[in-house]
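In: Let's see this in three dimensions:
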Amino acid sequence: MSKMYRRRRWDDDDPRFVIAAPDADPDLPSPELTFELDEGLPADARWANWVDADAHGPDPRPAWLLTDGDAIDHDRGVIKTGKEADVHLVERATPDGRSHLLAVKHYRDREHRLFHRDAGYLAGRRVRRSREMRAMANRTEIGLAIIAGQWAVAEHAALCRLWSLGLPVPYPVQLDGTALTLEFLGDADGTAAPRLAQLRPDAPALTSLWVDLWASLTALAEAGYAHGDLSAYNLLVHHGRVWIIDLPQIVDVAGNPQGPEYLYRDVANVVSWFSARGLALDAGQLAGDLLDRVLGR
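Out: Residues are numbered from 1 along each chain as shown. Purely as a prediction, here's the structure:
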């Protein structure tokens, strides 16, 4: 367990975090990933607890995934910090020497959550009890806790659905409360895959990236969804593919009153990035094509 890991730290909510470390902002606390103290384990480790997790990823599970009862998760530090959650690099290892890296998305505690965009996204979601709905609407302490739980559950469910459909999203390993464990997209030394926004592709590479992304957006629309917050800052490029990440706010385009608006904004955001680098694209026409696919026209 003496491996050294390199970590690229970034934030998808603020483009400035591409060049500035987020911990320079005193108003944005970055709490450590909370590990329950398990007897006999270091303070930065816990049992993987695969069996006891609230939910698991879909079958068939990837061959690389360790689900052994004696597997241990070692926290290797923060690789991403954001307004609603932090992502930690975790090494899962077994006593016989097998190991792999994971990303654990840990939604912030009640004191530090900053759910700044949730009203529109939650329009299509409901909870059973009206008391909980009121708490969410009034942003009480209990309401924020419910919202955080909804984000985690919604992202896990979305990733399960999209992964099963073959879209390029990280495999959702398991869900424990508001901690979502995901496939790590990056190198074996712990270097995270770069965001699309960090790349400077030449013309052929730019076209290839767009073709790959458009195929994913088309498949997403045909399944009835829009990302809801898509930009070059939450698209990763790994092994030549564009991967979609950060999906807690995924939108049912037909079920959400603002669904078509979110879909158009997604398209406009990525088209703006590609167009600024020389690829001629029409956001309105492309968004209209996706909306037709959502509605089955």
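
In: if I pick residue 228, what's in contact with it?
Out: Residue 228 is in contact with 121, 247, 249-251, 262, 266, counting by CB atoms under 8 Å, 6 or more residues apart in numbering. Yep, even glycine has a C-beta here, placed from its N, CA and C like the rest.

In: Please, which helix or strand holds it?
Out: Using DSSP states H and E, residue 228 is not contained in any helix or strand.

In: What distance do you get for it to residue 256?
Out: Between residue 228 and residue 256 the computed distance is 9 Å (CB to CB, to the nearest Å).

In: now residue 81
Out: Going from residue 81 to residue 256 by CB to CB gives 28 Å.

In: The two: which is more packed in?
Out: With neighbours defined as other CB atoms under 10 Å, residue 81 and residue 256 compare such that residue 81 has more, 25 against 22.

In: Do a quick rundown of the helices in the stretch 101-250 of the chain.
Out: Per DSSP state H, counting those that start in this stretch, the stretch 101-250 of the chain carries helices over the ranges 118-121, 130-138, 141-164, 203-222.

In: isn't residue 287 right up against residue 269?
Out: No: using CB atoms under 8 Å, residue 287 is not in contact with residue 269, being 10.8 Å away.

In: Please identify which of the two sits among more neighbours.
Out: Using other CB under 10 Å, the more surrounded residue of residue 287 and residue 269 is residue 287, with 22 against 18.

In: Please report phi then psi for the more buried one.
Out: Taking degrees, to the nearest 10, you get phi -60, psi -40 for the backbone angles of residue 287.

In: quick one, what contacts it?
Out: Contacts for residue 287 were tallied using CB under 8 Å, 6+ apart; they are 263-264, 267-268.

In: Try it again at 7 Å.
Out: Residue 287 makes contacts with 263-264, 267, as judged by CB atoms under 7 Å, 6 or more residues apart in numbering.

In: May I have stretch 96-110 as PDB, with CA atoms only?
Out: Taking Å, rounded to 0.1, in the frame of the first residue of the first chain, the C-alpha atoms of stretch 96-110 are listed here in PDB:
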ATOM      1  CA  ASP A  96      -3.900 -11.300  -1.700                       C
ATOM      2  CA  GLY A  97      -2.600  -8.100  -3.400                       C
ATOM      3  CA  ARG A  98      -5.300  -7.300  -5.900                       C
ATOM      4  CA  SER A  99      -6.400  -3.700  -6.100                       C
ATOM      5  CA  HIS A 100      -8.000  -1.000  -8.200                       C
ATOM      6  CA  LEU A 101      -8.900   2.600  -7.900                       C
ATOM      7  CA  LEU A 102     -12.300   4.100  -7.400                       C
ATOM      8  CA  ALA A 103     -13.900   7.500  -7.100                       C
ATOM      9  CA  VAL A 104     -16.100   8.200  -4.200                       C
ATOM     10  CA  LYS A 105     -18.500  11.100  -4.500                       C
ATOM     11  CA  HIS A 106     -19.300  12.300  -1.100                       C
ATOM     12  CA  TYR A 107     -22.200  14.800  -0.800                       C
ATOM     13  CA  ARG A 108     -21.600  17.500   1.700                       C
ATOM     14  CA  ASP A 109     -22.900  17.500   5.200                       C
ATOM     15  CA  ARG A 110     -25.900  19.500   6.300                       C
END
